[in-house]
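[1] here you go, sequence then predicted model.
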There are 2 protein chains.
Amino acid sequence: MARTQGSHSGITGPRISDAALRLFAQHGYAAVSMRQIAREVGVQAGALYNYTPDKQSLLFRLMESHMTELLASWRDLPRDGGALSQLEAFTRFHIRFHMRRPDAVFIAYMELRNLSPDNFTSIESLRREYETALEMILKQGVSEGVFVVPDTKIATLAVIAMLNGVNTWYRSGGRLSLDEVETTYWEMVRRAMVS
Amino acid sequence: MARTQGSHSGITGPRISDAALRLFAQHGYAAVSMRQIAREVGVQAGALYNYTPDKQSLLFRLMESHMTELLASWRDLPRDGGALSQLEAFTRFHIRFHMRRPDAVFIAYMELRNLSPDNFTSIESLRREYETALEMILKQGVSEGVFVVPDTKIATLAVIAMLNGVNTWYRSGGRLSLDEVETTYWEMVRRAMVS
DNA sequence: GTCTATAGACAGATAGAC
DNA sequence: GTCTATCTGTCTATAGAC
């Protein structure tokens, strides 16, 4: 684990991000020290500052790259059809994406309060962008007469909250496959929204 | 705010709990110092230790009393009828209880990882007890043929996750009354579970 | 029951050698 | 790019005066 001086591995940067992601998710940003992260990577604490100006930036970049990947993946997803098929696509996409990045998801929802005000604003706007994508689908479904939704804003947040819940219990290798989980949640979302 | 020596107010204990609850919810357990709590209360840090053996116990007691109150309130709620009316009672109870204690709810879900192993086990068992109350209702509804639920365990967690989502956006004085929020969520839960 | 003072550990971040 | 060493500050918790 411990690295010798000047090993110049060239992959220290990603290793720092990975270690920070895991440790922040497990113990919380405030409870993790730079020394702990360094120990995981196999360098001394001072070396971390070649890759990040401070601890706050480390957190911010983890959250920002997670949200950016989330938005880009959704944007790139081939999809068509009416609101119902769009909602199914969103539900399955969200579950799949989140189940594969449990640590990043956890941090993105739990560490908002540890962001500096500027960083918070920045992450919040990415999050709102994602929520808006779902709300547009719900609004379209309502205008098509396919969905029965008293309040699209609340329904948006309710659906996302429900889907995020998967991360509190799912462990890979459990009794359900990824596809079965997707389908189970999709059934609940569909019935909750469709008249 | 600052208190004079030996003021013996007799209400310092509750004031410590209140301050800790608010500060833990706002900044996170690990990010809040005993000195911060003391400053809020108007005493010096050392005085806190007349009321709690350590910071960890302070967190644990906040979470334990929240979960105990939650379970007792549900147990005492007068209710009857079939699974559908039980589910409505649970939904409305959960929303009402949680909206009135946003800080305690936030802590109960966010600070689990900052509990010592023994304390974690203890809180987890209270939480499971609450989840079981809902799952029993869902199972009853399935056997009555009223609910269509592929997996009562997942449905339980999905419903609770959805309902907890209310705490991420509701602020009292908003455009919706408590009763309207209850009804909006109940509509979604009902349609998600009922065939 | 609260104060002041402090022990002892550990935090984030930096400087300079290599 | 990483090391060692360290600055400066804060933390939890305790001791003893009042």
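    Everything's here; your move.
[2] just the buried residues of the lowest-mean-pLDDT helix or strand in chain A, please?
    One helix or strand of chain A scores below all others by mean pLDDT, DSSP states H and E: helix A:166-169, with a mean of 93. For helix A:166-169, a neighbour-count test (16 or more other Cβ atoms under 10 Å in any protein chain shown) marks A:166-167 as buried. Any C-beta I mention is one placed from the backbone N, CA and C, and that applies to glycine too.
[3] so what does it touch, helix or strand wise?
    Judged by 3 or more Cβ pairs under 8 Å, 6 or more residues apart in numbering or on different chains; DSSP states H and E, helix A:166-169 is in contact with helix A:83-100, helix A:102-110, helix B:152-164.
[4] quick one: contacts for residue A:155?
    Residues near residue A:155 by Cβ atoms under 8 Å, 6 or more residues apart in numbering or on different chains: A:138, A:149, A:192-193, B:188.
[5] what separates it from residue A:137, distance-wise?
    From residue A:155 across to residue A:137, the span is 10 Å (Cβ to Cβ, to the nearest Å).
[6] just to revisit the earlier point, so what touches the least confident helix or strand of chain A?
    If you take Cβ under 8 Å, 6+ apart as the criterion, helix A:166-169 is touched by A:95, A:98-99, A:102, A:105-106, A:181, A:185, B:154, B:157, B:161.
[7] what of stretch A:97-108?
    Residues outside stretch A:97-108 that contact it (Cβ under 8 Å, 6+ apart) are A:21-22, A:24-25, A:29, A:59, A:62-63, A:66-67, A:70, A:73-74, A:123, A:127, A:163-164, A:166-167, A:170, A:172, A:178, A:181.
[8] show the end-to-end separation of it, please.
    Stretch A:97-108 has an end-to-end distance of 13 Å (criterion: Cα to Cα, to the nearest Å).
[9] of all the residues in it, which ones are buried?
    Those buried within stretch A:97-108 under the rule 16+ other Cβ under 10 Å are A:97-99, A:101-108.
[10] elements contacting the strand or helix carrying residue A:184?
    Element membership for residue A:184, per DSSP states H and E: helix A:178-193. Under the contact definition 3+ Cβ pairs under 8 Å, 6+ apart, helix A:178-193 sits against helix A:83-100, helix A:152-164, helix B:152-164, helix B:178-193.
[11] redo those helices as JSON lines? Include mean pLDDT and distance to residue A:119.
    What follows is the helices and strands packed on helix A:178-193, written out as JSON lines (pLDDT from 0 to 100; distance: least, Cβ to Cβ, whole Å):
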{"stretch": "helix A:83-100", "mean pLDDT": "97", "distance to residue A:119": "22"}
{"stretch": "helix A:152-164", "mean pLDDT": "97", "distance to residue A:119": "21"}
{"stretch": "helix B:152-164", "mean pLDDT": "97", "distance to residue A:119": "25"}
{"stretch": "helix B:178-193", "mean pLDDT": "97", "distance to residue A:119": "30"}
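[12] how about CSV for the ones you listed, with distance to DNA strand C added?
    Formatted as CSV, those follow (distance: least, Cβ to the nearest atom of the strand, whole Å):
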stretch, distance to DNA strand C
helix A:83-100, 27
helix A:152-164, 27
helix B:152-164, 30
helix B:178-193, 36
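[13] now residue A:177: how far from residue A:26?
    26 Å.
[14] so where's chain A shaky on pLDDT?
    A:1-9 (pLDDT under 70).
[15] returning to that earlier point: want to try TSV for the contacts of residue A:155, with neighbour count as columns?
    Shown next, in TSV, are the contacts of residue A:155 (neighbours: other Cβ atoms under 10 Å in any protein chain shown):
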residue	neighbour count
A:138	23
A:149	24
A:192	23
A:193	26
B:188	27
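[16] what's the closest of those to residue B:87?
    Nearest to residue B:87 among the contacts of residue A:155: residue B:188, at 11.9 Å, using Cβ to Cβ.
[17] who touches the residue nearest to that closest one when sequence neighbours are not counted in this structure?
    In space, and not counting its chain neighbours, residue B:188 is closest to residue A:192: 4.7 Å by Cβ to Cβ, 6 or more residues apart in numbering or on different chains. Residue A:192 makes contact with A:155, A:158-159, B:188-189, B:191-192, according to Cβ under 8 Å, 6+ apart.
[18] distance of residue A:192 from residue A:144?
    From residue A:192 to residue A:144 the distance is 17 Å (Cβ to Cβ).
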